[in-house]
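Asks: Make a model of this:
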Amino acid sequence: MPTKRELLALAANTENLIAKTSQPDAFQLSQRDRIIAAAHAAGITDAEISAARQARQ
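Replies: Numbers count the residues shown, from 1 in each chain. Have a look, this model is predicted:
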């Protein structure tokens, strides 16, 4: 099971990849949704994901 820190990194990296993809397909979007849902279930907020995204750009 991934740690909260790993989930945060995965969520941020996934969001950055989706943002850089001109036309993400349905599979990519569904994977992103699953990762974000797992992060939320672990207590990670959208604000934390956003901050991590900005730090990784």
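Asks: residues in contact with the nearest residue to residue 7 once chain neighbours are set aside?
Replies: Excluding the flanking residues, the one nearest residue 7 by C-beta to C-beta, 6 or more residues apart in numbering is residue 39, at 4.8 Å. C-beta here means a position set from N, CA and C on the backbone, and glycine is covered the same way. Contact analysis of residue 39 by C-beta atoms under 8 Å, 6 or more residues apart in numbering lists 7, 8, 10, 11, 49.
Asks: Surely the fourth one touches residue 33?
Replies: No. Here residue 11 lies out of contact with residue 33, judged by C-beta atoms under 8 Å, at a distance of 10.8 Å.
Asks: My understanding was that residue 48 contacts residue 5; is that so?
Replies: No. Counting by C-beta under 8 Å, residue 48 does not reach residue 5; the two are 10.7 Å apart.
Asks: Have a look at those two and say which one is more surrounded.
Replies: residue 48 (15 against 11; other C-beta atoms under 10 Å).
Asks: Ignoring the adjacent residues along the chain, who's closest to that one?
Replies: residue 8 (6.2 Å).
Asks: ok now do that neighbour, which residues does it touch?
Replies: Neighbours of residue 8 in contact, by C-beta under 8 Å, 6+ apart: 39, 44, 48, 49, 52.
Asks: Which ones among those lie within helices?
Replies: 39, 48, 49, 52 (DSSP state H).
Asks: farthest-separated two in those?
Replies: The span of those, defined through C-beta to C-beta, is set by 39 and 52 at 9.8 Å.
Asks: Need the overlap of contacts for the two.
Replies: Both residue 39 and residue 52 are contacted by 8, 11, under the criterion C-beta under 8 Å, 6+ apart.
Asks: My understanding was that residue 52 contacts residue 14; is that so?
Replies: No. Taking contacts as C-beta under 8 Å, residue 52 lies outside contact range of residue 14: 10.8 Å.
Asks: which residues of this protein fall in helices?
Replies: Using DSSP H, helices in the chain cover 4-20, 26-41, 46-56.
Asks: ranking those helices by burial, who's on top?
Replies: helix 4-20 (a mean of 16; mean count of other C-beta atoms under 10 Å).
Asks: quick one, it and helix 46-56 angle?
Replies: 70 degrees (axes from the mean of the first three to the mean of the last three C-alpha atoms, to 10 degrees).
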